[in-house]
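Asks: Sequence below, structure please.
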Amino acid sequence: MKKIVSTAEAPAAVGPYSQAVRVGAMLFTAGQIPLDPKSGQIVSDDISKQTRRVLDNLGAILKAENLTHDHIVKTTIFLTDMADFQAVNEVYSGYFKQQPPARSTVQVSALPKGARVEIEAIAVANEGGGSSGGAVGDTSG
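Replies: Okay, here's the model as predicted:
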């Protein structure tokens with residue numbers, strides 16, 4: 001069963017989509033751009049500040065479902081300039097210190113509202129649906 005996730009702590013959708021959708025233990029976020037949730041404006045032209053805002057927006061959506069960045073298993077980063085890759089990595093690594101998620105990074109010609117970075121994520125809740133407990137166990141044998 002599909003559950004639409006929405007929180008005022010993250011920017012409202014700027015189109016016909018949901019901030020996130022939860023299906024069972026899986027949470028799929030929409031791509032987040034560096035919008036301030038209160039003003040609806042891009043926070044800065046600085047790529048580090050934009051990346052921080054994007055990851056904070058993702059954190060707010062996760063929090064609405066009692067999840068954290070630690071529950072993220074996959075991200076996709078969209079950049080308008082690959083020259084920003086290192087600066088984004090520096091900020092990103094502060095949010096994923098141990099067991100970082102799988103990730104793809106692609107360059108795109110443009111992003112909504114002139115943003116320089118957008119990140120979408122897939123998170124998986126631990127059994128029981130929340131953030132209690134540890135990491136998912138190794139089932140590889």
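Asks: So what does the residue positioned nearest the centre of the chain have for phi and psi?
Replies: In the chain, the residue lying closest to the centroid (C-alpha atoms, centre = their mean) is residue 58, at 3.8 Å. Here is the backbone geometry of residue 58 (degrees, to the nearest 10): phi -60, psi -40.
Asks: Show the contacting residues for it.
Replies: Shown in contact with residue 58 (C-beta atoms under 8 Å, 6 or more residues apart in numbering): 10, 29, 32, 69, 72, 119, 121. Bear in mind the C-beta positions are built from the backbone N, C-alpha and C, glycine included.
Asks: for residue 63, same thing?
Replies: By C-beta under 8 Å, 6+ apart, the contact list for residue 63 reads 7, 9.
Asks: where does it land in three-state SS?
Replies: helix (DSSP: H, G, I helix; E, B strand; the rest coil).
Asks: Quickly note the distance from it to residue 78.
Replies: 23 Å (C-beta to C-beta, to the nearest Å).
Asks: Check residue 37 too.
Replies: The gap separating residue 37 from residue 78 is 20 Å, by C-beta to C-beta.
Asks: Neighbour count: those two, which is higher?
Replies: Neighbour totals were compared for residue 37 and residue 78, and residue 78 leads with 19 against 15 (other C-beta atoms under 10 Å).
Asks: Who are the contact partners of that one?
Replies: The contact partners of residue 78, by C-beta under 8 Å, 6+ apart, come to 31, 105-108, 111, 117-119.
Asks: top of those by neighbour count?
Replies: residue 117 (28 neighbours).
Asks: what is it paired to in the beta sheet?
Replies: residue 79 (DSSP bridges).
Asks: Give me the distance between it and residue 4.
Replies: Separation of residue 117 from residue 4 (C-beta to C-beta): 25 Å.
Asks: Could you do residue 112 as well?
Replies: When residue 112 is compared with residue 4 (using C-beta to C-beta), they lie 20 Å apart.
Asks: got it, and residue 75?
Replies: In terms of C-beta to C-beta, residue 75 sits 21 Å off from residue 4.
Asks: Which of those two has more residues huddled nearby?
Replies: Per other C-beta under 10 Å, whichever of residue 75 and residue 4 has more neighbours is residue 75, with 23 against 10.
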